[in-house]
Every structure is written in C-alpha cells, then in structure tokens.
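using only what follows, build the 3D model:
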Amino acid sequence: MSQLERKLTDMLTPPVEALGFELVGVEFVRAGKHSILRVYIDHENGIDVDDCADVSRQVGAVLDVEDPITTEYNLEVSSPGMDRPLFKSAHYESVVGETVEVKLSMPQDGRRNFKGLLLKCENDSILIKVDKDEFSLAIANIEKGNLVPNFD
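Residues are numbered from 1 along each chain as shown. Okay, here's the model as predicted:
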C-alpha cells in the first residue's frame, strides 16, 4: 500500500464506519486524467448500489474538503466482490486455506507474482504454497493481494 493509500484509508475510515460499513481498503490507480480512486466497502448483510451511492457522497464530501489528491481522478465505491482484495493481516487470516494471488513491491526469490494456497498468516507475513514450493512473504511487501474465486 502506498503512502497516499495509507493516508486515504486513515482519512476515510471514520466517515465510512459512521454510515455503518467497513472500509475494506483503498486503491489509487494513477493514469493521468483517468486516475481512479477505488474505495471498497463491506457489511455483514452485503452491499447494494444504494450503499455505494451513500458512501460515495460521504467520501466525496470529505475528499473535497481535505483535497489529498492533487490530480484529476474518478471515485469508485464498490463491494469487494468474489476476487476480494486483501489489504490487512486480518484479511489474509480470514482466507487461510484458500487460493490467493499476490504481487510484491520488491521481488523475492527472483519474482514478484505468486499464486497459490495460503497456508497461514502470522507475525505480519503469509506462507503461500505455489506448486510444490512454500514462500514466506511479508505483508508489508505486498503491493496487491486478492482472493482467487473457487467455482467448484
């Protein structure tokens, strides 16, 4: 997670929680005038389009006042979906035993991309089995992590 994404997460968590939702995480995808700020929300009863609209209005108002992003961007508010993004240790802990895909900020063992079975999560790192090899990866080094949907 970038420094901007950390700042946005800290800034947006209170207003999202005030509406009764969990802020799962924030992604900022830089693409010039087409940059996107994605805000993922969740609730035990699920998320519908009205929930996203309510959170979008609240988050938009906070962003207008605080103005943390200096470039043009589009705001997207969404549920995590089936390929749920994983941001925190708790997210990884909740999907132990499932297949995950992670991209590292800094290469480890000569690679940045790992897709395999998540064996455990402890001490701010995950243990992932890719084919027959196991890799211990620091969560702080994970640039992007997602649950891989299982349709069996």
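
so what touches the longest strand seen in the chain?
If you go by DSSP state E, the chain has its longest strand at strand 111-122. With CB atoms under 8 Å, 6 or more residues apart in numbering as the test, strand 111-122 has contacts from 89, 92-93, 95-106, 126-131, 134-135, 137, 139, 143, 148. No exception for glycine: its C-beta is placed from N, CA and C like everyone else's.

now it: buried residues?
For strand 111-122, the neighbour count (16 or more other CB atoms under 10 Å) marks 114, 116-118, 121 as buried.

mind saving the C-alpha coords of that strand as PDB?
Only the C-alpha atoms of strand 111-122 are listed here, as PDB (Å, rounded to 0.1, in the frame of the first residue of the first chain):
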ATOM      1  CA  ARG A 111       9.900 -13.000  -8.600                       C
ATOM      2  CA  ARG A 112       7.100 -10.500  -7.800                       C
ATOM      3  CA  ASN A 113       4.000 -12.600  -8.600                       C
ATOM      4  CA  PHE A 114       2.800 -15.500  -6.500                       C
ATOM      5  CA  LYS A 115      -0.500 -17.500  -6.900                       C
ATOM      6  CA  GLY A 116      -1.100 -20.400  -4.600                       C
ATOM      7  CA  LEU A 117      -2.700 -21.900  -1.500                       C
ATOM      8  CA  LEU A 118      -2.500 -19.600   1.600                       C
ATOM      9  CA  LEU A 119      -1.200 -21.900   4.300                       C
ATOM     10  CA  LYS A 120      -1.000 -19.500   7.200                       C
ATOM     11  CA  CYS A 121      -0.800 -15.800   8.300                       C
ATOM     12  CA  GLU A 122       1.100 -14.800  11.300                       C
END
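
what's the spacing between the residue of the chain positioned farthest from its centre and Arg111?
What lies farthest from the middle of the chain is Lys132; by CA atoms, centre = their mean that is 27.4 Å. Distance, Lys132 to Arg111, by CB to CB, to the nearest Å: 15 Å.

noted, bye for now.
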